[in-house]
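**Student:** Next comes the sequence, and after it the predicted model I'd like to discuss.
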Amino acid sequence: MHWIVDGMNVIGSRPDGWWKDRHAAMVRLVDLLERWASGETDDVTVVFERKPHPAITSSVIVVAHAPRARANSADDEIVRRVKADANPMLVRVVTSDHWLADAARAEGATVEPAEPFRNRIDPAV
């Protein structure tokens, strides 16, 4: 399975003050995904709307961003990645964005809502 995570959608699924420091929230999400992915055999990609500054890197997961920051650009990048996958039936997109969920399903991917996924990787609520 290849997980493609709508980064800001997962971050925004919990009102924990993430908006006060978006970059720190992105770093926390990458850390959570790394810890979760290290116990899995699946590939994980997190997609953000803009390139994190300073850069966020990982040797465990792929940290990606849309080529051009704008509204819904991460959604477009996720759909592009699903379409480019050799076997989209083995892709699971994590999002609660209805348009993105519908577009991912239309390409053959499965979808998991952001909040239950966030609770799975970060159960300390």
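**Tutor:** Yep, it's here.

**Student:** quick check: longest helix of the protein.
**Tutor:** helix 22-37 (DSSP state H).

**Student:** Can you show me the strands along this structure?
**Tutor:** Taking DSSP state E, the strands of the chain run over residues 2-6, 43-48, 62-65, 91-94, 110-112.

**Student:** can you redo the ones you listed as a markdown table with mean neighbour count, mean pLDDT and distance to residue 81?
**Tutor:** Using the backbone N, CA and C atoms, a C-beta is placed for each residue, glycine as well. A markdown table is the format used below for the strands of the chain (neighbours: other C-beta atoms under 10 Å; pLDDT from 0 to 100; distance: least, C-beta to C-beta, whole Å):
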| stretch | mean neighbour count | mean pLDDT | distance to residue 81 |
| --- | --- | --- | --- |
| strand 2-6 | 25 | 98 | 6 |
| strand 43-48 | 22 | 97 | 7 |
| strand 62-65 | 19 | 96 | 8 |
| strand 91-94 | 25 | 98 | 8 |
| strand 110-112 | 17 | 98 | 14 |
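
**Student:** Run a quick neighbour tally on residue 86.
**Tutor:** Each residue near residue 86 was counted by other C-beta atoms under 10 Å, and the total is 7.

**Student:** Roughly how far does it sit from residue 108?
**Tutor:** Distance of residue 86 to residue 108, computed by C-beta to C-beta, to the nearest Å: 11 Å.

**Student:** picking up where we left off before, quick one: contacts of the longest helix of the chain?
**Tutor:** 3, 5, 7-8, 10-11, 18-19, 44, 46, 48, 52-54, 56, 58, 60-61, 63, 120-122 (C-beta atoms under 8 Å, 6 or more residues apart in numbering).

**Student:** give me the low-pLDDT residue ranges for the protein?
**Tutor:** 124-125 (pLDDT under 70).

**Student:** at 50 what do you get?
**Tutor:** For the chain, not a single residue meets the criterion pLDDT under 50.
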